[in-house]
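# The following comprises the amino acid sequence and a computationally predicted model.
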Amino acid sequence: MLPCQKHLFSLPDGMHYLNCANLSPLLKSAEAAGVEGIRRKVVPTRIQPPDWFPDVEALRAALGQAIHASPERIAFVPSVSYGAAIATHHIRLQAGQNVVLPADEFPSMVYGWMERCKQDGGTLRFVPRPEPGSGSASQPGSAQGSQPGTAPRPGTAPRPGTAPRPGTAAEWSARVCEAIDRNTGVVSLTAVHWTDGTPFDLAAIARRAREVGAWLIVDGTQSVGALPFDFEALAPDLLVCAGYKWLLGPYQYGFVAVGPRLMEAEPLEMNWINREGSEDFTHLTHYRDGYRAGARRFDAGEHSNFILVPMLLAAVRQILAWGVPEIQAYGEALARELAAALGEGPFTLAGPADRCGHLFGVGVPPGLSLPRLVDTLRQRNVYVSVRGSAVRVSPHVFNTPDDVHALAEALRAAV
């Protein structure tokens, strides 16, 4: 198994940082690349016209390798909401069509579809999480629906103290598939649920979406870089991913991978660098109708960022050197270590089939104050997130068994 890689980061000794799903630390190599980028900008003559493209294209290739996609499908965006807007601005619903999403989906993957439903007369259809102790998968009509453009209904995360039931991930995926019907225009979801790492059966959901001709939009922010993703095999219409979590990159730089049905869509911006011939700075006023090849038409303006691009490139190259399957296996070993340290209770941890190694939720006992829990953890220099009713734990290759044991001890101290 991959050995601990903490020496490649600058995390202080004694800090138990298990919160990569919130914000990753930077690799030393990414930090150095960013500092060098700042130094280049200090003396602008160090940046010449040919320098606007090579690092961007190297990053496009590295990201394509990471998700098994052609570099021609990669475009750069500043945020998940920007990337999702490529779909929500292009796709039109017919009156009465629905958009299927898992309940408690991340807001940046919801608001655009809320607006699209409001404008087109569609309906959001939220698929609830299976409750502990519930029966078999629901019937298609049982998914939660909202009126066009209205806010989602209250969350459906398990109540505090309820143990995750084996099979939750498979059943939730089955419910999503059942919610997809002949009136479904779009299926939009995260690869793993952002609150607790519940994995979705993307292959089954993609097959069902194709059966009814629905668009498939996937947010890979909480998975790409730590969980294998095969874009060509899954064939979504759009994959959206922020770079500052599992890609170990800087804030405000991410990417999309664009499927064939969206490749000719109109981009959100009409910026200069996306047009064909933009490499020739002496002819920029020879205005062109055509775009640069592939998904480059969707690149956000000023994407040739001389600080952020080298940072993300260094990080992605390191991830490729480690191997994404190895990163996932490393996290799963730590998850097993935590499960053993927690023992029989009162805290609960889902089994391997219902969690990811890099991101999982710990259920808390009834009546425990979550603010008190967070304070206790911080006092012990343990950093995680609370999402819904669960403690969200998200380790990476810089963590050690000591970190998860410190977490287990802090959790018990809060009871």
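Yep, it's here. Residues are numbered from 1 along each chain as shown.
# need the strands for the stretch 201-350 of the chain, in chain order.
Using DSSP state E, counting those that start in this stretch, the strands found in the stretch 201-350 of the chain span residues 215-219, 238-242, 254-258, 348-349.
# Let me know which of the ones you listed is tucked in deepest.
Most buried of these, by mean neighbour count (mean count of other CB atoms under 10 Å): strand 254-258, with a mean of 29. Just so you know, the C-beta spots here come from the backbone N, C-alpha and C atoms, and that holds for glycine as well.
# who touches it?
If you take CB atoms under 8 Å, 6 or more residues apart in numbering as the criterion, strand 254-258 is touched by 63-64, 67, 69, 73-80, 83, 86, 221, 231, 236-244, 247, 295, 298.
# Mark which of the residues you listed are part of helices, please.
Per DSSP state H, helices hold the following members of the contacts of strand 254-258: 63-64, 67, 80, 83, 86, 231.
# quick one on the thing from earlier: so can I have CSV of the strands of the stretch 201-350 of the chain showing distance to Gly363?
Below are those laid out as CSV (distance: least, CB to CB, whole Å):
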stretch, distance to Gly363
strand 215-219, 24
strand 238-242, 27
strand 254-258, 31
strand 348-349, 4
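# which of the ones you listed has the lowest average pLDDT?
Among the strands of the stretch 201-350 of the chain, strand 348-349 carries the lowest mean pLDDT, at a mean of 91.
# Who are the packing partners of that strand?
helix 324-342, strand 360-363 (3 or more CB pairs under 8 Å, 6 or more residues apart in numbering; DSSP states H and E).
# which phi and psi does Gln94 have?
For Gln94, the backbone dihedrals (degrees, to the nearest 10) come out as phi -90, psi 150.
# how about the closest residue to it other than its chain neighbours, secondary structure?
Residue nearest to Gln94 in three dimensions, not counting chain neighbours: Gly185, with 6.9 Å by CB to CB, 6 or more residues apart in numbering. Look at Gly185: counting by DSSP: H, G, I helix; E, B strand; the rest coil, its state is strand.
# Let me see the contact set for Gly185.
Here Gly185 is in contact with 91, 93-94, 97-99, 122, 214-215 (CB under 8 Å, 6+ apart).
# And for His68?
His68 touches 229-233, counting by CB under 8 Å, 6+ apart.
# Buried subset of those residues, written for PyMOL?
Only the buried members of the contacts of His68 end up in this PyMOL selection, burial being decided by 16 or more other CB atoms under 10 Å:
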select buried, resi 229+231
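# if we can go back for a sec, show me which pair in the ones in helices among the contacts of strand 254-258 is furthest apart.
Gly64 and Val80 (19.1 Å; CB to CB).
# need the helices for the stretch 251-400 of the chain, in chain order.
Counting by DSSP state H, counting those that start in this stretch, one finds helices in the stretch 251-400 of the chain at the ranges 308-322, 324-342, 370-379.
# What is the burial count for Glu279?
For Glu279, the neighbour count with other CB atoms under 10 Å is 12.
# my guess is it contacts Pro54, does it?
No: using CB atoms under 8 Å as the test, Glu279 is too far from Pro54 to be in contact (10.9 Å).
# Turn the helices of the stretch 251-400 of the chain into a markdown table, columns for mean pLDDT, mean neighbour count and distance to Val391.
Converted to a markdown table, those look like this (pLDDT from 0 to 100; neighbours: other CB atoms under 10 Å; distance: least, CB to CB, whole Å):
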| stretch | mean pLDDT | mean neighbour count | distance to Val391 |
| --- | --- | --- | --- |
| helix 308-322 | 98 | 21 | 26 |
| helix 324-342 | 97 | 19 | 11 |
| helix 370-379 | 90 | 14 | 7 |
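# Show me what stretch 33-53 is in contact with.
Residues contacting stretch 33-53 (CB under 8 Å, 6+ apart): 26, 250, 273, 279, 281, 304-311, 313-314.
# likewise stretch 90-102?
Contacts with stretch 90-102, where a contact means CB under 8 Å, 6+ apart, come from 109-110, 113, 116-117, 120-127, 129, 143, 145, 172, 176, 179-181, 183-190, 193, 200, 214-215, 262, 265-266.
# for that stretch, which positions count as buried?
For stretch 90-102, using 16+ other CB under 10 Å, the buried residues are 90-91, 93, 97-102.
# same deal with stretch 355-367?
For stretch 355-367, by 16+ other CB under 10 Å, it's 355-364.
# How many residues are close by Leu411?
Around Leu411 sit 25 other residues, with neighbours defined as other CB under 10 Å.
# contacts for the helix or strand containing it?
Element membership for Leu411 (DSSP states H and E) is helix 401-413. Applying CB under 8 Å, 6+ apart, the external contacts of helix 401-413 come out as 16-18, 334, 337-338, 341-342, 347, 362, 364, 373, 376-377, 380-382, 384, 391, 393, 395.
# The same query, at a cut-off of 7 Å, please.
16, 18, 334, 337-338, 341-342, 347, 376-377, 380, 382, 384, 393, 395 (CB atoms under 7 Å, 6 or more residues apart in numbering).
# Check stretch 213-223 too.
Stretch 213-223 has contacts (CB under 7 Å, 6+ apart) with 21, 80, 84, 87, 91, 106, 109, 180, 184-192, 194, 202, 206, 209, 229, 236-242, 245-246, 359.
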